[in-house]
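[1] Attaching a predicted model along with its sequence, questions to come.
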Amino acid sequence: MLCDADIATRLTEHLFDPEKLKQRGWLTGRALGRGEAWFLNYRGHDWVLRHFRRGGQVGRFVVDCYLGWSLERSRSWAEWRLLAELRRLGLPVPRPVAAAVQRGWGYYRAELLTERIPETLSLAARLTDEAQSEEFWRALGACLRRFHDQGVWHADLNANNILIDSRSRIYLIDFDRGKIRAPGGWARQNLQRLQRSLLKIRAASTDFHFDDADWQRLLQGYASSC
């Protein structure tokens, strides 16, 4: 287990087991997705537990096992360290709490605990509720530019991995496979991935408030932050 030194003495292995969390009354909710997530309250702390699950074609046959022996190269340890670095850089991401790895013969399973950001909705949920202002879209573009200027590549930048709180502050979550990279065309591809995500949701819903003008405002905010 890799954890924040400030909370190391308070951690227990039960925090990585959803059934144990439920039995002890610590479980407060659950979110479904490729990487399952559970919300918990432990000694007054609101945290998110994510169990790493494989996606794509491989995920149809191997649900949650990853090849490898190295703890440092494990998905959860790598994401914990990246989140810690992003917070050091002052970027809006969840605080990493702990990363756990269960090792077998040449494979492992992984979990990650992060602080839960209070009173947030995903960008997808927010756009389902109502249209957003021009200022919001420009602010979102400026936020993404902050990450890119620091070389931060998000492997799955989509409308569900962007959170907005009650004060319209923007956060990025789920940095599985994320990296800090040298400048390059990946930044443009990152934005295109987000655009495809928004267009896909819009195509499947009649109540999704996103149009081409919104995207242009995002790009304006991105460009004005250079």
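    Cool, got the structure.
[2] Where does the prediction get shaky in this protein?
    8-9, 32-35, 55-63, 226 (pLDDT under 70).
[3] Domain boundaries for it, per the record?
    Domain ranges of the chain: 2-115, 120-224, per automatic domain parsing.
[4] would you list the ones you listed in CSV and tack on mean neighbour count?
    C-beta coordinates here come from the backbone N, C-alpha and C atoms, glycine included. Below are the domains of the chain laid out as CSV (neighbours: other Cβ atoms under 10 Å):
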stretch, mean neighbour count
domain 2-115, 16
domain 120-224, 16
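[5] can you give me the strands for this structure?
    2-3, 27-31, 36-42, 45-51, 66-67, 96-103, 107-115, 120-122, 152-153, 162-165, 170-172, 179-180 (DSSP state E).
[6] which one's the longest helix in the chain?
    helix 186-204 (DSSP state H).
[7] contact partners of that helix?
    Contacts with helix 186-204, where a contact means Cβ atoms under 8 Å, 6 or more residues apart in numbering, come from 124, 127, 144, 148, 153-154, 156-160, 162, 208, 210, 215, 219, 222.
[8] now with 6 Å?
    124, 148, 153, 157-159, 208, 210 (Cβ atoms under 6 Å, 6 or more residues apart in numbering).
[9] cool, stretch 124-135 as well?
    For stretch 124-135, the external contacting residues (Cβ under 6 Å, 6+ apart) are 159-160, 164, 201, 207-210, 217.
[10] ok, now stretch 17-28?
    Under Cβ under 6 Å, 6+ apart, the answer for stretch 17-28 is 14, 38-42.
[11] biggest separation within these, which pair?
    His14 and Phe39 (15.6 Å; Cβ to Cβ).
[12] Can you give me the distance of Ala142 to Asp207?
    Look at Ala142 and Asp207: by Cβ to Cβ, to the nearest Å, they are 27 Å apart.
[13] circling back to that earlier point, can you tell me which of the contacts of helix 186-204 lies nearest to Gly184?
    Each of the contacts of helix 186-204 was scored against Gly184 by Cβ to Cβ, and Trp153 proved nearest at 9.1 Å.
[14] I'd say the closest one and Pro183 touch.
    No. Using Cβ atoms under 6 Å, Trp153 is not in contact with Pro183; the gap is 10.8 Å.
[15] So which of the contacts of stretch 124-135 belong to helices?
    Reading helices off the contacts of stretch 124-135 with DSSP H, I get 201, 217.
[16] Quick one: neighbours of Glu119, just the number.
    Using other Cβ atoms under 10 Å, the number of residues around Glu119 comes to 11.
[17] Roughly how far does it sit from Leu113?
    20 Å.
[18] Mind listing residues that contact stretch 164-182?
    So stretch 164-182 is contacted by 75, 79, 82, 92-94, 117, 119-121, 126, 140, 143, 151-155, 161, 163 (Cβ under 6 Å, 6+ apart).
[19] typo on my end, it should be stretch 31-51
    With contacts defined as Cβ under 6 Å, 6+ apart, stretch 31-51 is touched by 18, 21, 26-30, 52-53, 55, 97, 111-114, 116.
[20] switch to 8 Å and redo it
    7, 10, 15-16, 18, 21, 26-30, 52-53, 55, 59, 64, 94, 97, 109-116, 118, 160, 174, 176.
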